[in-house]
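Participant: Need the 3D shape of this:
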Amino acid sequence: ALDGILASCSYGFMDQSFTNTAYIMGCFAAAYVFPLMVISVCYYFIVKAVVAHERAMKEQAKKMNVASLKSNADADKQSVEIKIAKVAMMNVTLWIFAWTPFAVVCIMGVLGDQTKLTPLVSALPILFAKTSCVYNP
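Facilitator: Prediction:
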């Protein structure tokens, strides 16, 4: 269906029939909840692996009686694990900011009060979500 300002296509979230509601809820689970869980779990394990590697490097350096195994330890004030954690959190945050408003509009359309969904209110989250591939690769 066309979105509120008739600029692009989107889910037909203004139709509250059973089949459309089931479709929107299925898409919500499969295209929002499941990817959010996968993204969160993957980044959790990436950060966890980096922290474990940094810890192993520090223990190895301690065994060798050196301050660090890195040749430029003083140049890098911020550890690699902190940098990776920041990137991971930024990616997850951008994904949530891009897709949550669109998910909320779709759920409101089929389960909530449709009078609050003006054309502009329904179109902006759709356009913002569609541009997410530009700022969150």
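
Participant: in the protein, which spans are helices?
Facilitator: Remark: helices assigned in the chain by DSSP state H are 18-28, 34-63, 80-111, 119-130, 132-135.

Participant: Which stretch among the ones you listed approaches residue 8 most closely?
Facilitator: Proximity to residue 8 (C-beta to C-beta) singles out helix 119-130 among those, at 6.6 Å. Any C-beta I mention is one placed from the backbone N, CA and C, and that applies to glycine too.

Participant: Determine the set of other helices and strands touching the closest one.
Facilitator: Contact here means 3 or more C-beta pairs under 8 Å, 6 or more residues apart in numbering; DSSP states H and E; on that basis helix 119-130 packs against helix 80-111.

Participant: And the helix it packs on, what's buried?
Facilitator: If you call a residue buried by 16 or more other C-beta atoms under 10 Å, then helix 80-111 has these buried ones: 81, 84-85, 88, 92, 95-96, 98-99, 101-103, 105-110.

Participant: can you check stretch 120-127 too?
Facilitator: By neighbour count with 16+ other C-beta under 10 Å, stretch 120-127 contains the buried residues 122, 123, 124, 125, 126.

Participant: what distance separates it from the centre of its chain?
Facilitator: Remark: stretch 120-127 is offset 19 Å from the chain centroid, using C-alpha atoms, centre = their mean, to the nearest Å.

Participant: do stretch 45-64 as well
Facilitator: That offset, for stretch 45-64, works out to 27 Å (C-alpha atoms, centre = their mean).

Participant: Make 53 the first number, not 1, from now on.
Facilitator: Sounds good: first residue 53 from here, last item stretch 97-116.

Participant: pLDDT (mean, whole number) over stretch 63-71?
Facilitator: The pLDDT scores in stretch 63-71 average 83.

Participant: so how far does it reach from one end to the other?
Facilitator: In stretch 63-71, first residue to last residue: 13 Å (C-alpha to C-alpha, to the nearest Å).

Participant: who's in contact with that stretch?
Facilitator: If you take C-beta atoms under 8 Å, 6 or more residues apart in numbering as the criterion, stretch 63-71 is touched by 53, 72, 75-76, 79, 157-158, 160-162, 166, 169, 174.

Participant: Next, format these as CSV and append distance to residue 89.
Facilitator: Converted to CSV, those look like this (distance: C-beta to C-beta, whole Å):
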residue, distance to residue 89
53, 28
72, 25
75, 21
76, 19
79, 15
157, 21
158, 18
160, 22
161, 23
162, 22
166, 29
169, 27
174, 26
